[in-house]
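> Below: sequence and its predicted model.
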Amino acid sequence: MTFKYPDIATQAISTILSEKQSTYNRHVELADVQQPIVSAPPEVRRIVERVLQAEKDKLYMKHPRNINDDILRIIKEEIQ
């Protein structure tokens, strides 16, 4: 058994049930995302790179442990 819906009803239902996409910043370039890191001072850049590497090293773990301690250690080392 098939149901026949008029086009207006189909459009109304699909409009009501569809997800709404954001209308801002649809075309974000990778350079725009990395700009704050690239323009940061060398010390900050080293901290960001080391933190990203620490997070990558823990990706294989189901429950990564001590990542906060690792990040805190990295920051302390770079500050001193």
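In hand now; what should we look at? None of these values were measured; they are calculated from a predicted model.

> in this structure, which segments are predicted with low confidence?
Counting by pLDDT under 70, the ranges of the chain that qualify are 1-26, 28, 30.

> Who are the contact partners of residue 75?
By CB atoms under 8 Å, 6 or more residues apart in numbering, the residues touching residue 75 are residue 47. All C-beta spots, glycine's among them, are computed from the backbone N, C-alpha and C.

> Need the three-state assignment for it.
Classification of residue 75 by DSSP: H, G, I helix; E, B strand; the rest coil places it in helix.

> how about the helices in the chain?
All helices of the chain, identified by DSSP state H, fall at 7-17, 30-38, 42-57, 67-79.

> Tell me who's in contact with residue 46.
Taking CB under 8 Å, 6+ apart as the criterion, residue 46 is in contact with residue 78.

> I'd like the distance between it and residue 75.
For residue 46, the distance to residue 75 (CB to CB, to the nearest Å) stands at 10 Å.
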